[in-house]
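*Asks:* structural data only, the sequence is not supplied:
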């Protein structure tokens, strides 16, 4: 026999002794381990099933929430688009009203300018007529005054004779006093 065979025999012998001493306890422990493994496998399967159900439930909840958010987003986007359209319509209406009002103001402004020009023209004509009348009156007065001055003015020859006569009288008086 070789050493390997001897060792093998010894091991077999030890296994028999162990089986005699601990065999019942090992088998009981093996049965318990088998039951525990079975229970653990069963619990693990239940946990897996429960987790699968929960994941599926969570997935469905997430899908519902995403769909609700998408729906809400679409509604808000539609509302925003509607509001934008209404706002654009209001801006267009305000622009038209502003343009009409601006045109009306421009028209009123042009009418007022035309009226002021007409009034200025009428006043200018009136003042020109008044100035012409005054000029005519003044010309007439000047002519009348000139005629009066001409009528009352002394002739040069008569004035010269008057001064000569006065000079002679003065010289006669001076001679008489001296």
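*Replies:* Yes, it's here. Computed from a predicted model, the values in this text were never measured in an experiment.
*Asks:* tell me what the strand or helix carrying residue 131 is packed against?
*Replies:* Residue 131 belongs to helix 3-152 when assigned by DSSP states H and E. The helices and strands touching helix 3-152, judged by 3 or more Cβ pairs under 8 Å, 6 or more residues apart in numbering; DSSP states H and E, number zero. To be clear about C-beta, it is placed using only N, CA and C from the backbone, and glycine gets the same treatment.
*Asks:* for the helix or strand that it is followed by, which positions count as buried?
*Replies:* The helix or strand immediately downstream of helix 3-152 is helix 156-177, counting by DSSP H and E. By neighbour count on 16 or more other Cβ atoms under 10 Å, the buried set for helix 156-177 is empty.
*Asks:* might you list the low-confidence residue ranges for this protein?
*Replies:* Within the chain, the stretches with pLDDT under 70 are 1-2, 23, 153-154, 178.
*Asks:* residue closest to the middle of it?
*Replies:* residue 91 (12.1 Å; Cα atoms, centre = their mean).
*Asks:* quickly note the distance from that residue to residue 97.
*Replies:* Applying Cβ to Cβ, to the nearest Å, one obtains 11 Å for the distance of residue 91 from residue 97.
*Asks:* shared neighbours, these two?
*Replies:* By Cβ atoms under 8 Å, 6 or more residues apart in numbering, residue 91 and residue 97 have no common neighbours.
*Asks:* re the thing from before, next one: the helix holding residue 131 to chain centre, how far?
*Replies:* Distance of helix 3-152 from the chain centroid (Cα atoms, centre = their mean, to the nearest Å) equals 16 Å.
*Asks:* many thanks, I have nothing further to ask.
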